[in-house]
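>>> sharing a model prediction with you, sequence too.
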Amino acid sequence: MTARFVITSGEPAGIGPDLVLALAQQDWPVQLVVLADKALLEERAEMLGLEVDFFDYQAGSKPQPSRAGQLLIEQVNLPAKVELGKLNTINASYVLRMLKRAIKGCMNNEFAAMVTGPIHKGVINEAGLKFSGHTELLAEQSNTKQVVMMLATPGLRVALVTTHLPLRDVPDAITPELLTDILNITNQSLSEQFAIESPRILVTGLNPHAGEGGHMGREEIEVIEPTLEQLSKNGMNLHGPYPADTLFTPKYLQQADAVVAMYHDQGLPVLKHMGFGNAVNITLGLPFVRTSVDHGTALDLAGTGKADVGSFNYAIEVAMQMTGQE
Ligand SMILES: NC(=O)C1=CN([C@@H]2O[C@H](COP(=O)(O)OP(=O)(O)OC[C@H]3O[C@@H](n4cnc5c(N)ncnc54)[C@H](O)[C@@H]3O)[C@@H](O)[C@H]2O)C=CC1
Ligand SMILES: NCC(=O)COP(=O)(O)O
């Protein structure tokens with residue numbers, strides 16, 4: 001049977017609406033159900049000069065592959081009119097309603113996967129709604145104790161121990177328990193969802209030169225090394241901790257199935273330098289498949305026709321691979 005994926009269209013003032021319209025320019029072997037305000041998409045399609053026919057999604061209907069020129073929509077009402085590129089706190093609830101609807105549909109198997117468009121974390125917080133990111137919301141709403149953010153581009157996968165928190169708080173957040181969970185989830189997901197036998201995982205240190213034998217920080221000696229030792233005894237194929245500036249060189253990466261980095265801006269700039277526009281963000285450890293774009297809301301590009309849809313397409317393709325559609 002054709003698989004049905006739910007697509008959240010993201011921050012309405014950004015490029016999310018443009019990207020979902022771009023998805024409708026080609027056929028897909030799965031059915032894509034887009035959560036959005038139809039009037040917003042109609043207006044954006046006109047601006048971009050795109051011909052798209054909109055159809056209303058009927059839950060319970062038989063899924064059919066999505067066809068070029070057509071978009072299946074579930075209506076989500078926008079509280080306020082959108083000005084291109086201008087964030088509006090009143091519309092923050094719209095973004096969260098789409099996400100919660102998608103999560104509910106994935107949890108009850110209405111959808112085989114969710115693919116998310118970019119949201120703006122700042123405006124949601126400005127609206128008084130505490131929000132760190134999709135990753136954290138997905139864990140909370142699906143009652144999952146721990147998830148892993150992993151970005152992937154052909155030739156490199158980077159999973160993170162910590163995600164959206166101030167840099168000042170990172171060292172204290174890296175405990176043996178958290179590191180153990182992150183490595184277990186990453187290892188299990190690479191084996192089961194990516195069919196990699198005994199994945200070879202390289203782990204970064206936290207400090208410059210991985211602490212230089214304790215002279216530049218002791219987290220490697222006190223937390224990272226003992227955790228890797230323990231998990232290696234259990235049979236995991238782990239290597240490190242390596243200085244991040246050594247690990248992210250071809251000699252090391254050629255032999256890696258994934259890198260586990262300690263924090264967001266230790267791992268992601270390297271991945272984006274290598275594959276921006278052709279990378280995907282995957283949340284591992286959830287009871288369903290969730291993929292997303294590698295970029296943000298690009299407010300400067302909304303409605304211009306200059307947004308690159310490469311990462312969104314790749315996010316759908318990876319969701320198809322992960323759900324056995326390819
Ligand atoms: N998946 C998600 O929901 C993500 C959301 N964000 C959020 O996005 C917001 C804006 O973040 P920024 O740091 O400004 O990053 P950004 O990715 O929105 O923009 C950075 C630069 O890349 C360009 N760019 C981004 N996507 C593009 C695309 N598809 N095609 C062509 N050019 C593109 C933009 O024009 C800008 O010059 C923040 O609130 C951040 O938290 C950031 C990353 C991922
Ligand atoms: N850099 C990735 C990012 O910030 C997206 O995070 P999330 O919203 O998918 O948790």
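Received it, and whenever you're ready, just let me know what you need. Ligands and ions are numbered 1, 2, ... in the order given.

>>> contacts, neighbours, all on C-alpha from now
Will do.

>>> what does this structure have sitting close to ligand 1?
With Cα under 6 Å from any ligand atom as the criterion, the chain meets ligand 1 at residues 118-122, 292-298, 300-301, 307-309.

>>> would you list the buried entries among these?
Using 16 or more other Cα atoms under 10 Å as the burial test, these include 118-122, 292-298, 301, 307, 309 as buried.

>>> widest-spaced pair of those residues?
Farthest-apart pair in those is Gly122 and Val309; separation 23.1 Å (Cα to Cα).

>>> quick one: the helices in the stretch 1-150 of the chain?
Counting by DSSP state H, counting those that start in this stretch, residue ranges of the helices within the stretch 1-150 of the chain are 16-23, 38-48, 92-107, 121-126, 134-141.

>>> among the ones you listed, which is the most enclosed?
helix 16-23 (a mean of 25; mean count of other Cα atoms under 10 Å).

>>> and that one, anywhere near ligand 2?
No - for a cut-off given as Cα under 6 Å from any ligand atom, helix 16-23 has no contacts with ligand 2; the smallest distance is 13.1 Å.

>>> chain center to that helix, what's the gap?
Relative to its chain's centre, helix 16-23 lies at 17 Å (Cα atoms, centre = their mean, to the nearest Å).

>>> what pLDDT, on average, does it get?
For helix 16-23, the mean pLDDT works out to 98.

>>> and the residue nearest the centre of the chain, bridged to which residues?
Centroid-nearest residue in the chain, with Cα atoms, centre = their mean: Asn281, separated by 3.1 Å. Beta-bridge partners of Asn281, counted by DSSP bridges, are Leu151, Ser292.

>>> what sits against it?
Neighbour list for Asn281: Met149, Met150, Leu151, Ala152, Thr291, Ser292, Val293, Asp294, Ala315 [criterion: Cα atoms under 8 Å, 6 or more residues apart in numbering].

>>> likewise for Pro208?
Met216, Pro243, Ala244.

>>> thinking again about what came up before, give me the subset of the residues of the chain next to ligand 1 lying in strands.
When DSSP state E is applied, these are split such that Ser292 fall in strands.

>>> how about the residues of the stretch 1-150 of the chain by ligand 2?
Gly133, His134, Thr135.

>>> include pLDDT when you put those residues into JSON lines, please.
Compiled in JSON lines, those are given as follows (pLDDT from 0 to 100):
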{"residue": "Gly133", "pLDDT": "97"}
{"residue": "His134", "pLDDT": "97"}
{"residue": "Thr135", "pLDDT": "97"}
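
>>> ok, the residues you listed vs Leu96, which is closest?
Of these, the one sitting nearest to Leu96 (Cα to Cα) turns out to be His134, at 9.5 Å.

>>> state the distance from that closest one to Lys121.
Noted for His134: a distance of 9 Å to Lys121, by Cα to Cα, to the nearest Å.
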